[in-house]
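Enquirer: Dropping a prediction and its sequence here:
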Amino acid sequence: MQVRGLLLLLALIVLAATAEAGKNKKEKGKKDGSECEDWRWGPCVPNSKDCGLGYREGTCKDESKKLKCKIPCNWKKKFGADCKYKFESWGGCSAQTGVKTRSGILKKALYNAQCEEIVYVTKPCSSKIKSKSKAKKGKGKD
């Protein structure tokens, strides 16, 4: 009977420690404990060149702070890394222009970024003709 009591006490101690650890994580999320809720964030500014690690500045009333951020080096889109879009499939290749087009609808604007509701992107048409025979190569070798 005493063993059960010890196990129950031990379980309660572990449960209380876990709950306390969860509170600490939430408090760390606030970092500086600012009461301000209407932050205005600028774009991510890379430390060097046009991509990589950098920072973004935010202001709220008379407060200001900087957050670390990162612009992927393969991100060359004109609509910016803070605007997230849901894109449809690529359209057919235009024989006149030699490019294909697709559109994206705004899904999420991070850090109050000013984003266009719909964007259009293009890319050159592939000059190669993809053959479907590649998928059949492994058959017949039994």
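Expert: Nice, thanks for sending it over.
Enquirer: residue contacts, K84?
Expert: The contact partners of K84, taken as Cβ atoms under 8 Å, 6 or more residues apart in numbering, are 106-110. Just so you know, the C-beta spots here come from the backbone N, C-alpha and C atoms, and that holds for glycine as well.
Enquirer: mind giving me the domain split of the protein?
Expert: 37-73, 75-127 (the TED database).
Enquirer: Mind putting those into CSV with mean pLDDT?
Expert: Formatted as CSV, these follow (pLDDT from 0 to 100):
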stretch, mean pLDDT
domain 37-73, 88
domain 75-127, 88
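Enquirer: what separates A95 from C125, distance-wise?
Expert: 9 Å (Cβ to Cβ, to the nearest Å).
Enquirer: higher neighbour count, those two?
Expert: C125 (15 against 7; other Cβ atoms under 10 Å).
Enquirer: Angles on the backbone of that one, please.
Expert: Here is the backbone geometry of C125 (degrees, to the nearest 10): phi -70, psi 150.
Enquirer: What sits closest to it if chain neighbours are left out?
Expert: Of all residues not flanking C125 in the chain, C93 sits nearest, at 3.8 Å (Cβ to Cβ, 6 or more residues apart in numbering).
Enquirer: so what pLDDT did N24 get?
Expert: Note on N24: pLDDT of 47.
Enquirer: just to confirm, which helix or strand has K107 in it?
Expert: Element membership for K107, per DSSP states H and E: strand 99-109.
Enquirer: now whatever helix or strand comes next after that strand and strand 99-109, what's the angle there?
Expert: Per DSSP H and E, the first helix or strand lying C-terminal to strand 99-109 is strand 118-124. Put simply, strand 118-124 runs at 140 degrees to strand 99-109, going by axes from the mean of the first three to the mean of the last three Cα atoms, to 10 degrees.
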